[in-house]
Structure formats: structure tokens, C-alpha cells
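Student: Compute the structure for the input listed below.
(one chain, ligands or ions: 2)
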Amino acid sequence: MSPTYGFQFDNSYARLPEALFSLSAPQPVAKPDMVLFNHALADELGLDADALAQQPDWFSGNTEIPGSTPLAQAYAGHQFGNLTMLGDGRAILLGEHLTEDGRRRDIQLKGGGRTPFSRGGDGRAALGPMLREYVISEAMHGLGIPTSRSLAVVANGEPVYRDQPLPGAILTRVAASHLRVGTFQYAAAQQDPALMDTLIDYTLHRHYPDQQGNDNPALALLDAVIAEQIALVTHWMRVGFIHGVLNTDNVTLSGETIDYGPCAFMDRYDQDTVFSSIDRQGRYAFGNQPAITQWNLTRFAETLLSRMDDDVDRAIEMATERLKGWSSTYDASWLAMMRNKLGLTGEQAEDESLITDLLSLMQLHKADYTNTFRLLIGGQQPQGQAYNNDAFASWHARWLARLEHEGNVDDSWARMRQNNPAIIPRNHQVEKALQAAEEDGDLSVVNRLLAALSDPYADRDAEDPYVQPPKEDEVVCATFCGT
Ligand code: AMP
Ligand code: MG
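Tutor: Ligands and ions are numbered 1, 2, ... in the order given. A predicted model of the protein is given here:
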């Protein structure tokens, strides 16, 4: 029997109605070479990390992993507001790995070759963007934010042609699932109630098993997904993450962050920050993410209406009530999160203005989002251009006075340490690391960055390069999809 190196596949998605996918094997590549392998994740999944790290063939599609059933998932998506039929054009789901403790994880090759959904695309990916996804997804995990993970990046030994020839690569992505709002949009477009019911049941079983057997499964699913997405967006706002392409096909039903394209972390605090070169209108700007997620979940609710109630008006009423509740639930979640960032446990009437006043000052004085909160720990007034002004000094005094309502101030500092990272993957550091990897084949910079980002809440020296905001000439203004 051939070795499985710990892989234990059970491919439930492949047992769903065929309308939802297309069997599609990855296309072998010329010369697979392991560029990055995630030993810690492999261990967590119960895989034989040492053996698999030596098997680039397994993560390029050249060797069929025993038990896998490669397929491309069908889905639709509102891309910048327009509904399109999409599907995995360059991703191949190998199957679902079951861990010893019963977790089910999708194992997917991104850049694995053409599929029936590739349209004009080549089904491939370039090394730079795959390394970028690896770094940022693992950084998100380090920050304690639900996310897909990255198990391996394999260079495929073939060029991909974009504006210029680039080295090609394949990322092995691990996720709770790849079910997304777009999966439901695709299913709803089939006009087949039985298909929708099957998909609802499948999603509940996979992500919200407590809700299976609920009298109204469609409504239960909407409620659960709303709750998870609120939790997720709140996390993004906590650390200054900008997804960049919050199309409905990139909104998961599990509540994990997925699809790291032109995403970025904000340095200076600014609600309107946009990095993505394709987001000209700022639809997916930092401060728009809660509202756009609500918009995306409204699209999700629409797909569920006919399954919520035979009476359409009644169904619309139920869904509308849920979506109207979004704003107040999100606001409460955001306020609780910001209180944590400022070390506050109790609730005082003035908290909200204390928080928004700080944010206004940060925006006005171009303060660094990450460092400001970290510098506040301990209660000293932060030093630096952004803080040397009367408005900030008076805000600082108000905050210290507010902290007196707290029991033990040491608990506040501890709370702030847990909720404010000392480091984030700053764009200029990510770019430097990718450049060394792409241009010189030097992965030491990426590996150093990854090691630091695995422990982002630990105290760091103020002089630490990962703590420093970019200098004027280091600022990265735009990020690209790399597709
Ligand atoms: P994304 O921007 O990665 O979410 O992709 C949007 C859609 O374009 C998805 O259906 C992808 O599968 C598809 N796509 C992106 N890049 C390629 C490519 N190089 N070849 C084929 N399809 C692609
Ligand atoms: Mg996508």
C-alpha cells in the first residue's frame, strides 16, 4: 500500500449533487520544488510533516494523494456589485482531511491548472502572490483571527504569463470549507428547491451542527452566518486589516477570512484606506467593510428566502428583521472590541466618544494604528509627532481618568496586550520579503517575518524593524490581485 503520510480523506462535498462541482484533476507541472512548508500546521493536522516536506509532488498535482477526489467547485459572485457565474478557475479541491480529533479541513491546490470554470484564464498562479497569501494568512492565524491556512508553496518550474513571464507556483490552502455566499447564489440560480435544501443541510452539518434539526434551517443558517461574519469583521477592524476584494464569492459561510489577493494592513489610521489597484471607487475601503459585509449578507439572505417560508412576504419580513439588526449588533461588537483595545472592561456612557475622539485625532495626525494602542499600554503619554499636541494630551488625561473606573489597572494593560498586536505584516516588510524570495531565491527574509508574526502580541523593542512604520520612501501605495 502506498503511504498516505497521515492524510485521511473523506470527501463529503464530492457526494453532493453534481450541479455543485465538476470533477477536475490538477495538471502536472514541469519541476515541482518545495519553497515553503508549514511544519506546525502539518503537525496540527496530524500529518507526517518531515516526510511531506520532502514531497513537492504531492502539493503540485504531480502525484495523486491517496483518497483525494479532485474537483472544481461551482459558485457565483457579485464582483464589485455585478453578479457573475464563476467557479474555481484555478483552484482544485483535493478533498477533506479528517483530523484525529474529528475536524474536517478542505485541502485545496491554488494554481493547480485549468478547470471547466477557467474561462480565458490559465488556471495558474505566480510565486509572489502565493507567497503573499501564505504570509498574510499565517499572520492572521497568529493574530487569532479565523482564516484559511497555508500548508505549502511549491514552485512549479514553469513560467506564468502576466504582464511579463513570472515564476509559477501552487499554494496548498487549508480551510474549514470553501462554502461561500457565492455557492448559495449559484445554487439558487439553478431554481431547484431540493438542491437548496441539500446545501443548507450540508452547511449546517458542517459548520453549525447545533442548528441541525432547527424548525427553520434556512433562517438558522442566516442567523449563524451573520453572527460569524460580525465577529470576523470586528477582528479585521481591530487589527487594521483590509481585505480588498469583498465580493460575495470571497465571503465564507464558516466565518473564516479567505482569498488573500490585494489585501493589506493599514499603517496610518485612515477610514478611507484602500490598497487594491482595482478598487477605484473605494468600495472595499477599511471603514466600508462592515457595511459591505452587510450588503453581501443581504445577497445571501436573498438566496434563502424561498426556503424560509412559502409566503414570500413573510420570508422577506424575517430576513429584513435579521439584516436590520445587523447594524446594532455590529456596533455593539465593535464597541466591545474597542473597549478591549483601550483596556476597559466596565461600560460607561462616555466610552463611545472617548473611542471616536481618539480615532479622529489619529486620523487628523496620521498616527500609526498598531503602534498607538501599543504605546498607550502602561499609561505613559506616547511620544512622537502625532501625539505632541494639546488635543491628544487632553484625550490622554480623559482616558486615564476613565481607567480609574476599572478595578486593577494591571488587568487593563494585560487586556490591551492581548487585543493590540505589537506587529502586523506591514506592506513594506512583506514586499521586501517577497522580493528577496522572488529575485534572489532567498527565503530567509520570509521565514524571519513568519517567525515574528507567529507571536504578534509579545512585547517588542521600539527599534525592532517589524515595529517601525514605513519610512516615506518605503510606503507601499497599491497592491495587486496577481491573477
Ligand atoms: P479571485 O479574484 O481569486 O477571487 O478570482 C475570481 C475568479 O477568477 C474565480 O472564479 C477564479 O477561479 C478566477 N481566476 C482567477 N485567476 C485565474 C486564472 N489564472 N485562471 C483561471 N481562472 C482564474
Ligand atoms: Mg475568490
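
Student: Please identify the residues of the protein in proximity to ligand 1?
Tutor: 86-91, 118, 121-124, 245, 249-250, 259, 261, 481, 483 (Cβ under 6 Å from any ligand atom). (Glycine included, C-beta is placed from N, CA and C.)

Student: Same list, those residues, but only the ones touching ligand 2.
Tutor: Counting by Cβ under 5 Å from the ion, Asp249, Asn250, Asp259 from the residues of the chain next to ligand 1 sit close to ligand 2.

Student: shouldn't the second one be in contact with Gly77?
Tutor: Looking back up the chat, that one is Asn250. Yes: between Asn250 and Gly77 a contact is recorded at 7.5 Å, counting by Cβ atoms under 8 Å.

Student: For ligand 2, what's the nearest residue on the protein?
Tutor: Using Cβ to the ion, the closest approach of the chain to ligand 2 is made by Asp259 at 4.2 Å.

Student: For the residue nearest the centre of the chain, which non-adjacent residue is spatially closest?
Tutor: Centroid check for the chain by Cα atoms, centre = their mean gives Thr257 as the closest residue, at 2.3 Å. Closest residue in space to Thr257, ignoring its immediate chain neighbours: Thr147 at 4.3 Å, by Cβ to Cβ, 6 or more residues apart in numbering.

Student: Now for Asn250 and Gly77: what residues contact both?
Tutor: Arg180, Gly182 (Cβ atoms under 8 Å, 6 or more residues apart in numbering).

Student: And the contacts of stretch 180-193?
Tutor: So stretch 180-193 is contacted by 19-20, 73-78, 83, 85-87, 195-196, 199, 247-253, 258, 296-297, 299-300, 302-304, 306-307 (Cβ under 8 Å, 6+ apart).

Student: any bit of it sitting next to ligand 2?
Tutor: No: residues of stretch 180-193 contacting ligand 2 under Cβ under 5 Å from the ion: none, with a closest distance of 7.9 Å.

Student: what's across from Met34 in the sheet?
Tutor: Val154 (DSSP bridges).

Student: ok, now Leu93?
Tutor: Under the criterion used (DSSP bridges), Leu93 bridges to Leu71, Gln108.

Student: what ranges do the strands span in the chain?
Tutor: Remark: strands assigned in the chain by DSSP state E are 21-23, 33-37, 71-73, 76-79, 82-85, 91-98, 104-110, 125-126, 149-161, 165-175, 241-242, 264-265.

Student: Make TSV out of those strands and add mean pLDDT.
Tutor: Shown next, in TSV, are the strands of the chain (pLDDT from 0 to 100):
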stretch	mean pLDDT
strand 21-23	98
strand 33-37	98
strand 71-73	98
strand 76-79	94
strand 82-85	92
strand 91-98	98
strand 104-110	98
strand 125-126	98
strand 149-161	98
strand 165-175	98
strand 241-242	98
strand 264-265	96
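
Student: how about a markdown table for these, with mean neighbour count added?
Tutor: A markdown table is the format used below for the strands of the chain (neighbours: other Cβ atoms under 10 Å):
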| stretch | mean neighbour count |
| --- | --- |
| strand 21-23 | 17 |
| strand 33-37 | 20 |
| strand 71-73 | 25 |
| strand 76-79 | 21 |
| strand 82-85 | 13 |
| strand 91-98 | 24 |
| strand 104-110 | 22 |
| strand 125-126 | 23 |
| strand 149-161 | 22 |
| strand 165-175 | 24 |
| strand 241-242 | 25 |
| strand 264-265 | 26 |
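
Student: Looking at the chain, which helix is longest?
Tutor: If you go by DSSP state H, the chain has its longest helix at helix 312-341.

Student: From the chain's centroid, how far away is that one?
Tutor: Remark: helix 312-341 is offset 21 Å from the chain centroid, using Cα atoms, centre = their mean, to the nearest Å.

Student: do stretch 348-367 as well
Tutor: 27 Å.

Student: repeat for stretch 220-236
Tutor: That offset, for stretch 220-236, works out to 13 Å (Cα atoms, centre = their mean).

Student: Next: stretch 366-385.
Tutor: Offset of stretch 366-385 from its chain centre (Cα atoms, centre = their mean): 27 Å.

Student: if you average pLDDT over it, what comes out?
Tutor: Across stretch 366-385, the average pLDDT comes to 97.

Student: buried ones in that stretch?
Tutor: Within stretch 366-385, the residues that count as buried by 16 or more other Cβ atoms under 10 Å are Ala367, Asp368, Tyr369, Thr370, Asn371, Thr372, Phe373, Arg374, Leu375, Leu376, Ile377, Pro382.

Student: for stretch 386-404, same thing?
Tutor: Ala386, Tyr387, Phe392, Trp395, His396, Trp399, Arg402.

Student: give the contact list for the fourth one.
Tutor: The contact partners of Trp395, taken as Cβ under 8 Å, 6+ apart, are Leu354, Asp357, Leu358, Leu361.

Student: cool, the third one as well?
Tutor: With contacts taken as Cβ under 8 Å, 6+ apart, Phe392 has the following neighbours: Leu361, His365, Gln381, Ala386.

Student: who are the neighbours in contact with the residue lying closest to the second one once chain neighbours are set aside?
Tutor: In this structure, His365 finds its nearest non-sequential neighbour in Ala386, 4.0 Å apart by Cβ to Cβ, 6+ apart. Taking Cβ under 8 Å, 6+ apart, we find Ala386 in contact with Met362, His365, Lys366, Ala367, Asp368, Thr372, Phe392.

Student: again with Glu406
Tutor: Gly343, Leu344, Thr345, Gly346, Ser412.

Student: what do you get if the cut-off is 7 Å, keeping everything else the same?
Tutor: Leu344, Thr345, Gly346, Ser412 (Cβ atoms under 7 Å, 6 or more residues apart in numbering).

Student: Just the buried residues out of these, in PyMOL syntax.
Tutor: Applying 16+ other Cβ under 10 Å to the contacts of Glu406 leaves a buried subset, and the PyMOL line that selects it is:
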select buried, resi 344+412
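
Student: In helices only, show me the contacts of Glu406.
Tutor: Ser412.

Student: And the contacts of Glu406, which two are furthest apart?
Tutor: Gly346 and Ser412 (10.6 Å; Cβ to Cβ).

Student: Which parts of the stretch 251-400 of the chain are helices?
Tutor: 289-308, 312-341, 351-364, 369-376, 390-403 (DSSP state H, counting those that start in this stretch).
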